[in-house]
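Novice: here is a sequence together with a model predicted from it:
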Amino acid sequence: MPDKAVKKKLAAIYRVLFQAYGPQHWWPGDTPFEVMVGAVLTQNTAWANVEKAIANLRRERLLEPERLFRVPLRKLAVLIRPSGFFTVKARRLNHLFKFIIDRYSGSLALMFAEDPETLRHNLLEVNGVGPETADSILLYAGQRPFFVVDAYTKRVLSRHRVIAADADYHTVQGLFMDSLPRDSRLFNEYHALIVRVGKEHCKRTAPRCKTCPLNKFLP
DNA sequence: TGCCAGGCCGGGT
DNA sequence: ACCCGGCATGGC
């Protein structure tokens, strides 16, 4: 278990961020399948580019597992091209579609009926799905309370001395999940807020800045 | 113009 | 067990 100071700090950081920015409305109103596709397309990619790719799929009425699984890889790659890394991502999406169809008859409802820990384990077996993508799917498509850790999470927390700079994914995730109530809406909002503050104040090449709402947590 | 974005895999040491 | 290059577009 994380020590008490860390738990309090994580709770306080959330309050400050929510106070500063309010709700971020990540992935509202989309179907779970669309959210899943987005989780793969956004790997190391700006969200604006992902939106263009998803718009292409929607325009072609392809946003269903069976339909997209039948689309040839080359055509899929062209459709998702704006999201970058399009040949690898086409393959990764295809693996995911096959997984849903083979194991859950193409039904996300069946997939999310699975025990969450088991489902997470299964998702990680899919080539192209790593821990962040799996947790994004579980949290944002399935409302399962897994905390999503990304580059911003590590950078923001390490700059504010909550974690070591080289802390691994599982450790950081455990910190959040053992410090906060396991509420999917809370985890959803918290992750989105971290990305928000990271974009505005915690870039890779800006060691610290004066106007960051988290400055009060600096030593 | 160059740097950056809501990672992950595979091959080399 | 780590380390690192590759993957690629679009916005600022």
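Specialist: That came in fine, so what should we check first?

Novice: whichever residue of chain A sits closest to DNA strand B: neighbouring residues, count only.
Specialist: Using Cβ to the nearest atom of the strand, the closest approach of chain A to DNA strand B is made by residue A:130 at 2.3 Å. (Each C-beta comes from the backbone N, C-alpha and C, glycine too.) The number of residues packed near residue A:130 is 13, by other Cβ atoms under 10 Å.

Novice: which ones are touching the residue nearest to it when sequence neighbours are not counted?
Specialist: With Cβ to Cβ, 6 or more residues apart in numbering as the criterion, residue A:130 has its nearest non-adjacent residue at 7.3 Å, and that residue is residue A:124. Taking Cβ atoms under 8 Å, 6 or more residues apart in numbering as the criterion, residue A:124 is in contact with A:130, A:131, A:134.

Novice: hmm, the second one is touching residue A:170, no?
Specialist: Yes. Counting by Cβ atoms under 8 Å, residue A:131 sits close enough to residue A:170 to count as a contact (7.5 Å).

Novice: which one's more surrounded, these two?
Specialist: Counted by other Cβ under 10 Å, residue A:131 and residue A:170 do not tie: residue A:131 has more neighbours, with 18 against 10.

Novice: show me the contacts for that one.
Specialist: Residue A:131 sits next to A:124, A:149, A:169, A:170, A:173 when contact means Cβ under 8 Å, 6+ apart.

Novice: up against DNA strand B, what does chain A have?
Specialist: A:26-27, A:38-39, A:42-47, A:49, A:84-85, A:88, A:126-134, A:136, A:140, A:150-152, A:195, A:198-199, A:203-205 (Cβ under 7 Å from any atom of the strand).

Novice: let's see 6 Å
Specialist: A:26-27, A:42-47, A:84-85, A:88, A:127-133, A:136, A:140, A:150-151, A:195, A:199, A:203-205 (Cβ under 6 Å from any atom of the strand).

Novice: which among those residues count as buried?
Specialist: When these are checked for burial by 16 or more other Cβ atoms under 10 Å, the buried set is A:26-27, A:42-43, A:45, A:84-85, A:128-129, A:131-133, A:136, A:140, A:150, A:195.
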